[in-house]
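A.B. asks: Have a look at this prediction, sequence included:
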Amino acid sequence: MTRRHLAWALLPLLVSGTWAGEAELARLLEILRQNGTITEVQYQELIGALRVDATKTIAATPIPDTPQVTEVRVDSSAGGMEVAAYDGESWFRLGGGLALDTASYSESGMGDGAELRRARLELEGSYHGDFGYALELDFAGDEVDVKDVYLDYLAWHPVSLRIGHFKEPFGLEPQTSFEHLTFMERALPDELAPGRSLGIGLHHLGSDWTLAGGVFAHSLNQEAEEGTNQGWGVTARATWAPWHEEERAIHLGLSGAYRAVKPGDYLRFRRGPESHLTGIEFLDTGKKSIADASALQRVALESAAVWGPLSLQGEYLWAGVERRDSVPALDFAGWYLQGSWFLTGESRYYRYEKGDFGRVRPQRSSGAWELALRYSALELNDTEIDGGRERNLTLGVNWYLEPQLRLMANYTRVYNDRQASDNGDLASGDDPRILQMRLQADF
Amino acid sequence: MTRRHLAWALLPLLVSGTWAGEAELARLLEILRQNGTITEVQYQELIGALRVDATKTIAATPIPDTPQVTEVRVDSSAGGMEVAAYDGESWFRLGGGLALDTASYSESGMGDGAELRRARLELEGSYHGDFGYALELDFAGDEVDVKDVYLDYLAWHPVSLRIGHFKEPFGLEPQTSFEHLTFMERALPDELAPGRSLGIGLHHLGSDWTLAGGVFAHSLNQEAEEGTNQGWGVTARATWAPWHEEERAIHLGLSGAYRAVKPGDYLRFRRGPESHLTGIEFLDTGKKSIADASALQRVALESAAVWGPLSLQGEYLWAGVERRDSVPALDFAGWYLQGSWFLTGESRYYRYEKGDFGRVRPQRSSGAWELALRYSALELNDTEIDGGRERNLTLGVNWYLEPQLRLMANYTRVYNDRQASDNGDLASGDDPRILQMRLQADF
Amino acid sequence: MTRRHLAWALLPLLVSGTWAGEAELARLLEILRQNGTITEVQYQELIGALRVDATKTIAATPIPDTPQVTEVRVDSSAGGMEVAAYDGESWFRLGGGLALDTASYSESGMGDGAELRRARLELEGSYHGDFGYALELDFAGDEVDVKDVYLDYLAWHPVSLRIGHFKEPFGLEPQTSFEHLTFMERALPDELAPGRSLGIGLHHLGSDWTLAGGVFAHSLNQEAEEGTNQGWGVTARATWAPWHEEERAIHLGLSGAYRAVKPGDYLRFRRGPESHLTGIEFLDTGKKSIADASALQRVALESAAVWGPLSLQGEYLWAGVERRDSVPALDFAGWYLQGSWFLTGESRYYRYEKGDFGRVRPQRSSGAWELALRYSALELNDTEIDGGRERNLTLGVNWYLEPQLRLMANYTRVYNDRQASDNGDLASGDDPRILQMRLQADF
């Protein structure tokens, strides 16, 4: 680093011309000093260097038109490799990601051990700026899982159009990428969110709000019944950041989804504790218990606040099942509340243009440390359905060694009601405690 | 390749300077990153672009001896990313492809809906010019499907040798790559073509003709029975273009294939209508009905003509099954005829060196529009086998937005005979109509 | 991304001259406006001034060494494609590998034919030099097989730390990469080595010795029983090269492994002859025969010598099963001895820093030729277990066409004892002869 910057610093001594943006750069420096973005010392350093450059030289020969020459880099911040055409319009990125987990459960029979939670390959790019594409595959569990696969039409900026297999726009944590979650697993009520489906959607970006909506068929990640119509749904999400500045933001969001359920189809909600290794799911509405549904409605209320190293985030998710033949409707709901504190001063990175959270970048070479606490609850009991009610209290510690590399530890206390325990998953029927760790890397 | 490297070599002669504010801008970016005004990603983007500009303006000093410096580009016509060594002999390409389908059927029970038809990853390259390699995988359906996997020996030009898993040289449409088909699916008689198999083949390229042949074991895309010899076959194809010039060509082709069938093995032909989403296959010779086969012979007669925006193409495919113990032989056959018209003046791209069709490139930024009509027929009835007879009439519209991006719509009328309907696939037993669309992208 | 490309697209309209840095300044202004550092008015002032500047300015002096430019290359020796930052600290490599086999067996029922033995995709790289990562997948058999997936911590050089799924450090041939083996398959006693597991390990590199050890959970390549604790083990390996110079080396090694076996788990050893295509495994301790094991211990004694074109290599592997309830322990063991001679004068490449063998590089353009002979034995008979005893005598010929491209032929005589033949795999119960060939490429 230092050597490289030295080279840059020496540059003005070596060259003796000026350029067409010098005045603008000088003016920008002045503005940045005035609004306190750079200090007086920094301003003097920069403007002084500019002043040294005295003579204006104008060359005669144009730079040749080399449209095919490209830029390639190891993207040291986002990871992976990026190739971009010189005009900046066509680009291509190859990357991937890993997560290695180990978990220990206080109840025997839950399956202590280790697993490869995530082994991801990602290709994305753009043709001529107007069209974007993405193909994301997961190979954990020695199986292929097609994640994001879509095409974007970008020329209507600030509106973009997306066709393919992607997340229905619903909820804050469900929308946040796996690699940017504060805890190892999403909170219990995530079970009520729709996930990825094949569909077509629009996304509108305002100055402090977003609006997204789409029409969706089924998900590639669930088995569709052979030879039956696959159903459809509509989903929409609106977010508003009434206040956002550097390292400070307030986020509010509202999502809604409607999905028609065909006669003969079954709905099922089930959820294990906030730990992936164990296959045990305490909450389960049963395989074919909800057989007469005609429609599924969902709502999510989102809120989050970032104040420097501190953040709060909470969501309420609700799913309502309408049933045929005057059978009473079902209501399932859950919520969570979480807080986090960066001991080392970093801040969660709120992306107001997407209405979600992005990558945390440690400020010092020893990395960033974060403490987090979450309480979550999900109830799948209603009318004759005894899916159970579970609450998880989780303490999390994150060590961000690099922007793309994180060590996570989560300790969770699980509280189950009688219906949750009655599934007979565990002989003891107790409320387990879970200690789990993850090593996560993106590239 | 060489031309572009010439551009690099000339660069130092054309430009002779740099500019004076670069260092200051670099330093400012660093300060802004440090105080959090811009993110790491934004910093990397800007400093990366600066870095490229710096290379662009390398002055009159000779390029240092960097034999390993390579050319990398986002291949904006073929898509994907290509890395080539400076000598042009070693190169490597990474690409992929997507196809997203939606289909609607007039008969219930055929399964309206959407699907990811294709999610492909391709690696290919060359060592020192003499050896080429390819590895192509498809992940649609959350499963791995190994497609092309082969090594080429290229030093005997115009003869090349290929070893691996690749398409047996047979037929025109069977040989044409998925991404360059005029219609969404291949015509009905494609069922009689052999597809990809493990084998070894030779390909000879003349000035207006090609000759290809090979010896083949089984296909990786079918289940081989455990512990049995896997059979073998020979396949050959000859093509002749008696007339070809820019945007005009006549193609004639003849293919033949022989495959020995071991005692105990079964042959089965089955085919759905020209739509992939539905799992229903009206034509089916039955699971073990053809149990006494000793040999399978195939013939394809190919013809095509391109006259500017107009094209015609037709094929006749025949498969003959010889049976043991004087059981009468079976004959199955099919054919199709198709015409296409580019409203916007483009032309189908005939590749006389391969005897197939390649990528269409729209001439204007609004894209290319193509209308196409196809009639196809396949009969699997003979002697005691009642596989059925089906005919499909399809109207197709293609909108080529970019060379690598296409929107397709196909409307198909299906006509089944009594045997085809008698399989009991549909309660109604009727002749369905199909409307389907595809969004297809290569990169 | 969208916005960036928009900015790039607008740029030509905004400025009619250009300079190296103008685009970056325009983009920076946009970013600063977006995050509120400068106001809209200030932005318009600056971007407007930029627009006005039309002249192209190019200075006279060369830019010094541009340290941030990245190096990309088609790695013509190791194959694949490598992208490295110029400082050499961050890099990224994408590669793959193929192996195409054909085999013929003297005994019918063993399944003559061809197969894709290996279809591998590899991503690896490093962040800032301190952290390394690897993700390796195999797609042969139309299935996903997760191979190496790990993160390395490299800053403690000469000690490195590895976490993930990787080979337990045990044995010489088991440790040698598939692509660098002298014969097509590893020797019979490889069945007694532990393979890849999820774990954490340390590796210490001395001047002529290595020491590696780790703690391991289960392997991703075996099915773990649902809901049970997955066991754990410790493994260590030490190697010493009392003498190593250019093309001459002596290698000695000792490995040991201990694995606890939980009550209810079963151990099973089974092995086919040294040929992969056939599914037949002559040696088999039986599905649940070893049901009462409490611990599994393993030892490997390694030795190898390279003297120019000649090399010798031999190993002895032992596995001991301790059983509960005073049931007598079981002992299984095997060994092999192999010699190889490069007719063309090359030498096997001993990597003393890893204690294994690496890539052979042919010295002339016609490639390198190697003759090799191996005798191997494995006995799985002990106490009441009749797993059988098998010996294989193999003659191998290798033609290295390029460093990454090899043609291999192996002829093997199989000798089975009565217990091995008694499994009833083959009607004849005889000792088959095997002729097999492989075309192998890495990239």
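C.D. replies: In hand now; what should we look at?
A.B. asks: Spatially nearest residue to A:G199 (excluding sequence neighbours)?
C.D. replies: Closest residue to A:G199 apart from its sequence neighbours, by C-beta to C-beta, 6 or more residues apart in numbering or on different chains: A:F216 at 3.3 Å. For every residue, glycine as well, the C-beta is placed using N, CA and C.
A.B. asks: Now do the contacts for that neighbour.
C.D. replies: Listed by C-beta atoms under 8 Å, 6 or more residues apart in numbering or on different chains, the contact partners of A:F216 are A:E168, A:P194, A:S197, A:L198, A:G199, A:G201, A:W232, A:G233, A:V234, A:T235, A:R259.
A.B. asks: Now secondary structure too, for these, in CSV please.
C.D. replies: What follows is these, written out as CSV (DSSP: H, G, I helix; E, B strand; the rest coil):
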residue, secondary structure
A:E168, coil
A:P194, coil
A:S197, strand
A:L198, strand
A:G199, strand
A:G201, strand
A:W232, strand
A:G233, strand
A:V234, strand
A:T235, strand
A:R259, strand
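A.B. asks: ok, which pair from these is furthest apart?
C.D. replies: Taking every pair in the contacts of A:F216 and measuring C-beta to C-beta, the maximum separation is 14.7 Å, between A:G201 and A:R259.
A.B. asks: Name every strand pairing with the helix or strand containing A:R374 and say which way it goes.
C.D. replies: Assigned by DSSP states H and E, A:R374 falls within strand A:368-382. Strand A:368-382 pairs in its sheet with strand A:330-342 (antiparallel), strand A:385-402 (antiparallel), by DSSP bridges.
A.B. asks: Need these in TSV (columns: mean pLDDT and mean neighbour count).
C.D. replies: Shown next, in TSV, are the strands paired with strand A:368-382 (pLDDT from 0 to 100; neighbours: other C-beta atoms under 10 Å in any protein chain shown):
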stretch	mean pLDDT	mean neighbour count
strand A:330-342	98	20
strand A:385-402	95	21
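A.B. asks: mind listing the strands for the stretch 1-150 of chain A?
C.D. replies: Remark: strands assigned in the stretch 1-150 of chain A by DSSP state E, counting those that start in this stretch are A:70-74, A:81-85, A:91-105, A:113-127, A:131-138, A:145-153.
A.B. asks: Kindly compare burial across those and name the winner.
C.D. replies: strand A:81-85 (a mean of 26; mean count of other C-beta atoms under 10 Å in any protein chain shown).
A.B. asks: Now do the same for the closest residue to A:V261 other than its chain neighbours: its pLDDT.
C.D. replies: Sequence neighbours aside, A:A293 is the residue nearest to A:V261 in space, at 4.4 Å (criterion: C-beta to C-beta, 6+ apart). Per-residue pLDDT puts A:A293 at 89.
A.B. asks: for A:A293, what are its contacts?
C.D. replies: Contacts for A:A293 (C-beta under 8 Å, 6+ apart) come out as A:V261, A:D265, A:Y266, A:L267, A:V321, A:E322, A:R323, A:R324.
A.B. asks: Between the residues you listed, which sits nearest B:L94?
C.D. replies: When the contacts of A:A293 are compared against B:L94 (criterion: C-beta to C-beta), the nearest one is A:D265, at 40.2 Å.
A.B. asks: I'd assumed the closest one was in a helix, is it?
C.D. replies: No - going by three-state DSSP, the assignment for A:D265 is coil, not a helix.
A.B. asks: Which residue is the nearest non-sequential neighbour of it?
C.D. replies: Nearest non-adjacent residue to A:D265, counting by C-beta to C-beta, 6+ apart: A:G231, 6.9 Å away.
A.B. asks: Make sure the one you found is actually in contact with A:G264.
C.D. replies: No - A:G231 is beyond contact range of A:G264, at 10.9 Å (criterion: C-beta atoms under 8 Å).
A.B. asks: Looking at the two, which is more packed in?
C.D. replies: Shown here are A:G231 and A:G264; by other C-beta atoms under 10 Å in any protein chain shown, A:G231 has more neighbours (18 against 10).
A.B. asks: Read off the pLDDT value for the more buried one.
C.D. replies: For A:G231, the model assigns a pLDDT of 75.
A.B. asks: so how far is stretch A:379-392 off the chain centroid?
C.D. replies: Counting by C-alpha atoms, centre = their mean, to the nearest Å, stretch A:379-392 is centred 28 Å from the centre of its parent chain.
A.B. asks: what about dumping the CA coordinates of that stretch to CSV?
C.D. replies: Taking Å, rounded to 0.1, in the frame of the first residue of the first chain, the C-alpha atoms of stretch A:379-392 are listed here in CSV:
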residue,chain,number,x,y,z
GLU,A,379,-46.4,-19.2,16.5
LEU,A,380,-47.9,-21.8,14.2
ASN,A,381,-50.9,-22.7,16.4
ASP,A,382,-54.3,-21.6,15.2
THR,A,383,-57.8,-23.2,15.2
GLU,A,384,-57.2,-27.0,14.8
ILE,A,385,-53.5,-26.6,13.7
ASP,A,386,-51.0,-27.4,16.4
GLY,A,387,-47.8,-26.3,14.7
GLY,A,388,-46.3,-25.1,18.0
ARG,A,389,-44.9,-21.8,19.3
GLU,A,390,-41.1,-21.3,19.6
ARG,A,391,-39.0,-18.4,20.9
ASN,A,392,-35.2,-18.1,20.5
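A.B. asks: Residues touching that stretch, excluding its own?
C.D. replies: Applying C-beta under 8 Å, 6+ apart, the contact partners of stretch A:379-392 are A:187-188, A:269-271, A:273-274, A:282-286, A:289-290, A:328, A:330-334, A:374-378, A:412-417, A:419-423.
A.B. asks: How far does the strand holding A:R374 sit from its chain's centre?
C.D. replies: On the basis of C-alpha atoms, centre = their mean, strand A:368-382 is displaced by 17 Å from the centre of the chain it belongs to.
A.B. asks: what's the answer for stretch A:200-217, then?
C.D. replies: Distance, stretch centre to chain centre, for stretch A:200-217: 16 Å (C-alpha atoms, centre = their mean).
A.B. asks: Could you single out the nearest of the contacts of A:A293 to A:Q436?
C.D. replies: A:L267 (29.7 Å).
A.B. asks: count of neighbours near the residue lying closest to the closest one once chain neighbours are set aside?
C.D. replies: Nearest non-adjacent residue to A:L267, counting by C-beta to C-beta, 6+ apart: A:I290, 4.2 Å away. Using other C-beta under 10 Å, A:I290 is surrounded by 23 other residues.
A.B. asks: Let me see the contact set for A:I290.
C.D. replies: Going by C-beta under 8 Å, 6+ apart, A:I290 touches A:Y266, A:L267, A:R268, A:V321, A:R323, A:L330, A:I385.
A.B. asks: Can you select the buried ones from those in ChimeraX?
C.D. replies: To isolate the buried ones among those in ChimeraX, judged by 16 or more other C-beta atoms under 10 Å in any protein chain shown, type:
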select /A:267,321,323,330,385
